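**Q** Sequence and predicted model, in that order:
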Amino acid sequence: MIRRLNVYEAVQERLKLLFENFDYIYVSFSGGKDSGVLLNLCVEYIRKNLPGHRLGVLHLDYEAQYSQTTEYVSKRLSEDSDILDIYHCCVPFKVATCTSMLQSYWRPWEVSKKGIWVREMPKNCYKTDDFCFFEDSLWDYDFQKLFAQWLRHKKQCRYICCLVGIRTQESFNRWRTIHSDRNYRHFGSTKWIHMMDSHVYNAYPIYDWKTTDIWTANGKFAWDYNHLYDLFYQAGIPMGRQRVASPFISQALSTLAVYKVIDPSTWGKMVSRVNGVNFAGIYGNTLAMGWKSIKCPDGFSWRQYMDFLLSTLPNKTAANYREKLRVSIRFWRERGGCLSENTIRKLQDRDIPISVGKTSAYRTNKFPVKMEYLDDIDIPEFKEIPTYKRMCICILKNDHICKYMGFALTKKEQSLREQVMKKYRSLSHEKI
């Protein structure tokens, strides 16, 4: 009988595959529990199996973070500096924020805001001038993709791989990142290694680890970790909501106020750093920002309530939401969204006018459904159906991109992004 490998044994096999097939490997290290364990696994593997080998570490410093995270990152990177190439980046890329109706993004380490930086910029970090590809239009995720090619050319290597500590247990989107065949070319038959660009790959070696595996590894091997998690635990925050990422994104708003208790000094600086932080800290887990089951005011339909909410916003912000709504209405009328047979049956049982197609342009077993926007609908698949209530929730959550409604980057944003990518590739045309 063949014994099944445990997650630790499996990751050893994966690391062996990676180090044998890629010229240079670096770890994306945020200071969180998952990337921390991944970094420890790689350091351990190199010291045991590849003496003299070096490992890159990319740390994107978002300026506004818990002081415990800053201390842990600094300590962790110094401990194995003999085998680590450290890329500690402090650059003013655009970062999404859901704390304000006035701004959809902020910039860490923005020079014009130096007087109100949350903390001093660390020494020996990489800055804007170190990256020939940097432009003000870059979002943080754009920077990460361009960084990979920049590092590949810097190291003069043919194939480069970034190791990312995401786990499928965390969310369906992360599960889909690993298992979907739609968006990525895989490295051979390994679904956990994706081609991101020419000669550039991302790998997710701990994708099948559970939260208990992370903490078991830390305890078993006496690995250091970010002790912010101890404070989270003492504060009664569930494991699924313990985050060390950018504090202004939608997923972190419900626990933003914890900064006031755990790190009051940092909180005081954050309040003046990004618009709406104090309000989000107070109301981020309440009806005021759409995180609970919101109710339509008496005498209003959801469409009327949406119009009222839009009337309270600055013109530019309201125009953004109206454009998202226009695009969504047109999509559902002319193209249709993909729904399951079960969801279609529920709509038909409620006598909702719909037109069901036979095939979809997407790789799915669902069917394209054309329909008009509804005011609201009470079914478990609510988030799949076009309703004015969903738009109200986006507005209340300061969800400027409307991710809650399934939106991604606009064509304008995608065009700007592609222009930057092409420009950088023209600067890095030399052959390796």
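**A** On my side now, so go ahead. These numbers were taken from a predicted model, which means no experiment stands behind them.
**Q** Which strand or helix spans the residue most central in space within the chain?
**A** By Cα atoms, centre = their mean, the chain has its centre lying nearest to Y141, at 8.1 Å. Assigned by DSSP states H and E, Y141 belongs to helix 140-155.
**Q** Please apply the same query to A318.
**A** helix 315-334.
**Q** CA atoms of that helix as CSV?
**A** Extracted in CSV, the C-alpha atoms of helix 315-334 (Å, rounded to 0.1, in the frame of the first residue of the first chain):
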residue,chain,number,x,y,z
ASN,A,315,-19.7,64.2,-8.9
LYS,A,316,-16.7,62.2,-10.0
THR,A,317,-17.4,59.4,-7.6
ALA,A,318,-21.1,59.2,-8.5
ALA,A,319,-20.2,59.2,-12.2
ASN,A,320,-18.0,56.2,-11.6
TYR,A,321,-20.8,54.2,-10.0
ARG,A,322,-23.3,55.2,-12.7
GLU,A,323,-20.9,54.1,-15.4
LYS,A,324,-20.4,50.7,-13.7
LEU,A,325,-24.2,50.4,-13.5
ARG,A,326,-24.6,51.3,-17.2
VAL,A,327,-22.1,48.7,-18.3
SER,A,328,-23.7,46.0,-16.1
ILE,A,329,-27.2,46.7,-17.3
ARG,A,330,-26.0,46.5,-20.9
PHE,A,331,-24.2,43.3,-20.2
TRP,A,332,-27.2,41.5,-18.7
ARG,A,333,-29.5,42.8,-21.6
GLU,A,334,-27.2,41.9,-24.5
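**Q** so what does the following helix or strand past it touch, helix or strand wise?
**A** Per DSSP H and E, the first helix or strand lying C-terminal to helix 315-334 is strand 337-339. On a contact count with 3 or more Cβ pairs under 8 Å, 6 or more residues apart in numbering; DSSP states H and E, strand 337-339 meets strand 367-371. Yep, even glycine has a C-beta here, placed from its N, CA and C like the rest.
**Q** Check the offset of the strand it packs on from the chain's centre.
**A** 29 Å (Cα atoms, centre = their mean, to the nearest Å).
**Q** next SSE after that strand?
**A** Going down the chain from strand 367-371, the next helix or strand is helix 388-396, by DSSP H and E.
**Q** and for that next one, what are the contacting residues?
**A** 288-290, 294, 296, 301-303, 305-306, 309-310, 313, 321, 324-325, 373-376, 382-383, 399, 402, 404-405 (Cβ atoms under 8 Å, 6 or more residues apart in numbering).
**Q** Grab the nearest non-local neighbour of L60.
**A** Distance criterion Cβ to Cβ, 6 or more residues apart in numbering; nearest residue to L60, sequence neighbours excluded, is C89 at 5.4 Å.
**Q** partner residues bridging the one you found?
**A** L60, Y126 (DSSP bridges).
**Q** That one and E44: what is the separation?
**A** As judged by Cβ to Cβ, to the nearest Å, C89 and E44 stand 25 Å apart.
**Q** Tell me which of the two has more neighbours.
**A** The neighbour comparison of C89 against E44 (other Cβ atoms under 10 Å) goes to C89, with 22 against 15.
**Q** That one against D129, yeah?
**A** No - C89 lies out of contact with D129 (Cβ atoms under 8 Å); the separation is 12.0 Å.
**Q** Just the helices from the stretch 101-250 of the chain, written as ranges.
**A** For the stretch 101-250 of the chain, the helices defined by DSSP state H, counting those that start in this stretch occupy 140-155, 172-179, 211-220, 228-234.
**Q** With just CA atoms, put the first one into PDB.
**A** To tie it back to what came earlier, the one meant is helix 140-155. Output of helix 140-155 as PDB, limited to C-alpha atoms (Å, rounded to 0.1, in the frame of the first residue of the first chain):
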ATOM      1  CA  ASP A 140       0.700  47.400  -6.400                       C
ATOM      2  CA  TYR A 141      -0.200  44.300  -8.400                       C
ATOM      3  CA  ASP A 142       1.200  45.800 -11.600                       C
ATOM      4  CA  PHE A 143       4.400  46.600  -9.700                       C
ATOM      5  CA  GLN A 144       4.800  43.000  -8.600                       C
ATOM      6  CA  LYS A 145       4.400  41.700 -12.200                       C
ATOM      7  CA  LEU A 146       6.900  44.200 -13.600                       C
ATOM      8  CA  PHE A 147       9.300  43.500 -10.700                       C
ATOM      9  CA  ALA A 148       9.600  39.900 -11.800                       C
ATOM     10  CA  GLN A 149      10.900  40.800 -15.300                       C
ATOM     11  CA  TRP A 150      13.100  43.500 -13.800                       C
ATOM     12  CA  LEU A 151      14.600  40.900 -11.400                       C
ATOM     13  CA  ARG A 152      15.000  38.400 -14.200                       C
ATOM     14  CA  HIS A 153      17.100  40.800 -16.200                       C
ATOM     15  CA  LYS A 154      19.000  41.900 -13.100                       C
ATOM     16  CA  LYS A 155      20.000  38.300 -12.300                       C
END
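**Q** counting contacts, what elements does it pack onto?
**A** Contacts defined by 3+ Cβ pairs under 8 Å, 6+ apart place helix 140-155 against strand 24-28, strand 55-60, strand 84-89, strand 160-163, strand 190-197, strand 200-203, helix 411-427.
**Q** do the same with the shortest one
**A** If contacts are counted by 3+ Cβ pairs under 8 Å, 6+ apart, helix 228-234 sits against helix 67-79, helix 258-262.
**Q** rerun that using 7 Å as the cut-off
**A** With contacts taken as 3 or more Cβ pairs under 7 Å, 6 or more residues apart in numbering; DSSP states H and E, helix 228-234 sits against helix 67-79.
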